[in-house]
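In: have a look at this fold, sequence not included:
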């Protein structure tokens, strides 16, 4: 039975990058019509460069090691994209009586699942009528 | 009574009866109100009966609105990120408001309802400036996801090194968060200088979290189970402020209570077995075994905190604006009775001269004092093998009982000073800054023989408007940190032990031997860092363009084999435009990257 044979050391290199684009517009015609739109696109990725922890001195005199770090770095990969779109309209029938419509769309894509695949889309639709008095 | 008034009163009553809160308290009978009296307005979200003011008093300037409809949602795939904070139900949606401004004061009442998890309410009122009250409530959900623990298989999948078991694989982990904030101020006309305030804040988190427990002998065995959450944080504050022409003094007392309305989960440790032999020969190396049965785990202790604060502001002390405050707090863990004490004092002074110079200084001293904890390690005798009947300390002559002394115990001094000179509109303002702080730790050594971290942060900035519509700002900062936070001998065990026939051989190195042979000082804090940022803006009145770039670079090579560094770039460009009265738009692009370099060190074992 063997014991400890020193240590193995590597430098880790962890990089991350993100890009975000947001845009929005709003049109208002007093007591007639209001239109709004907000859009965003967010992309982020991060990763660890491969590392070996080869313990070269040890391996030179011993059988191959039973552990394998060749894919360990990939467990730190992150790669996700999120699209968010929010559209709404407020249509006035009279200055104090209106209808509001709203649509919200979210698309989240997890291209490098960390714990599990969290990809999914969400849609929200609403229609309301309002009265001011 | 007019139709609109009836509608408004009905609206308020409907809003008040919405299932906005789960904190209804004992009802209090409201006093009768004579027609024409302006109140009193009584907040209804707590379930207190609502007293309607004389409706005719509200006839002057009253605005009300109600909006109702339906909503529907659709989810494809996982909702955990796409709808992390969104309801995925369908149904009715609505909101309503009532606001009025009268001789007696003003009132604003709002309620918004989507579902039992997602709703909001607000009540603000002001009675002749004598009573001013702001009260709001909001709740929403948060999805927490479900960790399948598969990342534990990063280095090994044979079950000898690490394995995992999920006792609630189908549990959806989420919680409903709600926050109630209330502040009311009283200021009598006869004593205008005195303002009394009453505050109440309540935060709740209700749902389920994923609890992890570890059993580590045969393998590292991570077990997951659902832990019900019913957390409540309540703050109550009383304060008094006396103001005069050139300053004020204010004192406050806050009592906070954090409670968990749910029990700890139960966990049973694995049978202590040798990984290969599958025999119970390692019991004297473990504090627990399956024979102990189920024990409480993932424990969340209740706690309470009392805080006293004094503030003083003097607007003219030799031309300087001077502020001073003191904070004294005690936090107690209700389960252990352990206390943490904080004392902090801040003084600041600022003055601007007509010749363009301006000086500001802010000093802060504080101490944190946590009680020591004696940790008696459970020593079990082995039940089989060469060490049968002996505890670990019987064999190796060491006891592992210890007194845990808090690494947070410290005396801190912070000073921030900046001196600026305004050349003029085009040449702008030049500012020099010097931030100095020392953290003197009572127990924790950050580098061999060093308990104190000292930071000097120097900065220079220039802000100008070089031409009509243009704005430019440039900032440079550089920090030098003596004895940045690190863990001495935190990694890289140099032990070369040779081969031994079995783990019980008297010569076989033990865990404490591995640890004592570590030589690398690890950190995640920079000992030197620099930051530069440039901001540029241009505006035509109808259109504004703004850009910003930030660069950061920091490293730490102070310790042995430390080799830590990080750099980042951030850039932003945004355009906003309102070409007509009816139309406006904006677009923004943001970029960020970072590069972190840090060593990893593992001990190499043979068998």
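Out: Sure thing, it's come through. Predicted, not measured: the structure shown is a model, and the values here were computed from it. Numbers count the residues shown, from 1 in each chain, chains lettered A, B, ... in the order given.
In: can you show me the helices along chain A?
Out: For chain A, the helices defined by DSSP state H cover A:56-59.
In: the longest strand seen in it vs chain B: in contact?
Out: When chain A is parsed with DSSP state E, its longest strand is strand A:4-29. Yes - applying C-beta under 8 Å from any C-beta of the partner chain, one finds strand A:4-29 touching chain B at A:4-29. Bear in mind the C-beta positions are built from the backbone N, C-alpha and C, glycine included.
In: does anything pack onto the helix or strand hosting residue B:178? Which helices or strands?
Out: Using DSSP states H and E, residue B:178 sits in strand B:174-186. Packing partners of strand B:174-186 (3 or more C-beta pairs under 8 Å, 6 or more residues apart in numbering or on different chains; DSSP states H and E): strand B:131-143, strand B:194-216.
In: and the helix or strand of chain A with the lowest mean pLDDT, what's buried?
Out: One helix or strand of chain A scores below all others by mean pLDDT, DSSP states H and E: helix A:56-59, with a mean of 71. Neighbour counts using 16 or more other C-beta atoms under 10 Å in any protein chain shown place residue A:58 of helix A:56-59 among the buried residues.
In: list the helices and strands it packs on?
Out: strand A:4-29.
In: what pLDDT, on average, does the strand it packs on get?
Out: Confidence for strand A:4-29, expressed as mean pLDDT, is 94.
In: what is it packed up against?
Out: strand A:33-48, helix A:56-59, strand B:487-493, strand B:583-605.
In: of the ones you listed, flag the one that's most buried.
Out: Looking across those with neighbours counted as mean count of other C-beta atoms under 10 Å in any protein chain shown, the highest average goes to strand B:487-493: a mean of 19.
In: what about the strands in the stretch 401-550 of chain B?
Out: Applying DSSP state E, counting those that start in this stretch to the stretch 401-550 of chain B gives strands spanning B:402-404, B:410-424, B:428-441, B:452-464, B:470-482, B:487-493, B:518-522, B:528-539, B:543-556.
In: would you mark the buried spots in the helix or strand hosting residue B:64?
Out: Using DSSP H and E, the element containing residue B:64 is strand B:62-77. Of all the residues in strand B:62-77, those buried under the rule 16+ other C-beta under 10 Å are B:62, B:64-67, B:69, B:71, B:73, B:75, B:77.
In: which of the residues you listed come close to chain A?
Out: B:64-67, B:69, B:71, B:73, B:75, B:77.
In: now the residues you listed in JSON lines, with pLDDT?
Out: Listed next are these as JSON lines, based on pLDDT from 0 to 100:
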{"residue": "B:64", "pLDDT": "92"}
{"residue": "B:65", "pLDDT": "91"}
{"residue": "B:66", "pLDDT": "93"}
{"residue": "B:67", "pLDDT": "93"}
{"residue": "B:69", "pLDDT": "95"}
{"residue": "B:71", "pLDDT": "94"}
{"residue": "B:73", "pLDDT": "96"}
{"residue": "B:75", "pLDDT": "97"}
{"residue": "B:77", "pLDDT": "96"}
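In: low-confidence ranges, chain A, go.
Out: A:1-2, A:60-67 (pLDDT under 70).
In: residue closest to the middle of it?
Out: residue A:80 (4.0 Å; C-alpha atoms, centre = their mean).
In: can you tell me which of the strands of the stretch 401-550 of chain B is most buried?
Out: Highest mean neighbour count among the strands of the stretch 401-550 of chain B (mean count of other C-beta under 10 Å): strand B:518-522, with a mean of 21.
In: any chance of the helices and strands packed on strand A:4-29 in JSON lines, with distance to residue B:214 too?
Out: Converted to JSON lines, the helices and strands packed on strand A:4-29 look like this (distance: least, C-beta to C-beta, whole Å):
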{"stretch": "strand A:33-48", "distance to residue B:214": "24"}
{"stretch": "helix A:56-59", "distance to residue B:214": "29"}
{"stretch": "strand B:487-493", "distance to residue B:214": "21"}
{"stretch": "strand B:583-605", "distance to residue B:214": "19"}
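In: can you say which of those is nearest to residue B:168?
Out: strand A:33-48 (30.0 Å; C-beta to C-beta).
In: what are the phi and psi values at the residue in the stretch 301-450 of chain B that chain A sits nearest to?
Out: Nearest residue of the stretch 301-450 of chain B to chain A, counting by C-beta to the nearest C-beta: residue B:386, 13.6 Å away. Main-chain dihedrals, residue B:386, degrees, to the nearest 10: phi -60, psi -20.
In: so for it, what's the pLDDT?
Out: So, for residue B:386, pLDDT stands at 91.
In: how close does the closest residue in space to it that isn't next to it in sequence get to chain A?
Out: Counting by C-beta to C-beta, 6 or more residues apart in numbering or on different chains, residue B:386 lies nearest to residue B:504, which is 4.1 Å off, once chain neighbours are set aside. Here the criterion is C-beta to the nearest C-beta, to the nearest Å. By it, residue B:504 lies 10 Å from chain A.
In: go ahead and confirm residue B:504 touches residue B:390.
Out: No - assessed by C-beta atoms under 8 Å, residue B:504 is found out of contact with residue B:390, at 10.2 Å.
In: point out where the stretch 101-250 of chain B drops to low pLDDT.
Out: B:155-160.
In: report the contact partners of the closest residue to chain A within it.
Out: At 4.5 Å from chain A, residue B:154 is the closest residue in the stretch 101-250 of chain B, using C-beta to the nearest C-beta. Shown in contact with residue B:154 (C-beta atoms under 8 Å, 6 or more residues apart in numbering or on different chains): A:72, A:75.
In: got a pLDDT number for the closest residue to residue B:563 other than its chain neighbours?
Out: Of all residues not flanking residue B:563 in the chain, residue B:599 sits nearest, at 5.2 Å (C-beta to C-beta, 6+ apart). pLDDT, residue B:599: 95.
In: my guess is residue B:599 contacts residue A:12, does it?
Out: Yes - if you go by C-beta under 8 Å, residue B:599 and residue A:12 touch, sitting 6.9 Å apart.
In: residue B:572 pairs with what?
Out: Legend: beta-bridge partners of residue B:572 under DSSP bridges are residue B:548, residue B:590.
In: next: the one 5 residues further on.
Out: For residue B:577, the residues forming beta bridges with it (DSSP bridges) are residue B:543, residue B:585.
In: thinking residue B:384 is in contact with residue B:277, fair?
Out: No - judged on C-beta under 8 Å, residue B:384 makes no contact with residue B:277 at a distance of 9.9 Å.
In: how far does the strand holding residue B:178 sit from the chain's center?
Out: 16 Å (C-alpha atoms, centre = their mean, to the nearest Å).
In: how many other residues sit next to residue B:227?
Out: 22 (other C-beta atoms under 10 Å in any protein chain shown).
In: that one should be in a strand, yeah?
Out: Yes - checked against DSSP: H, G, I helix; E, B strand; the rest coil, residue B:227 lies within a strand.
In: ok, which residues in the stretch 1-150 of chain B are in contact with chain A?
Out: Counting by C-beta under 8 Å from any C-beta, the stretch 1-150 of chain B sits next to chain A at B:4, B:7, B:63-83, B:86, B:88, B:93-94, B:145-148, B:150.
In: look up how far residue A:71 lies from the residue lying closest to the residue nearest to the centre of chain A once chain neighbours are set aside.
Out: Nearest residue to residue A:80, sequence neighbours excluded (C-beta to C-beta, 6+ apart): residue A:110, at 5.2 Å. To residue A:71, residue A:110 is 19 Å away according to C-beta to C-beta, to the nearest Å.
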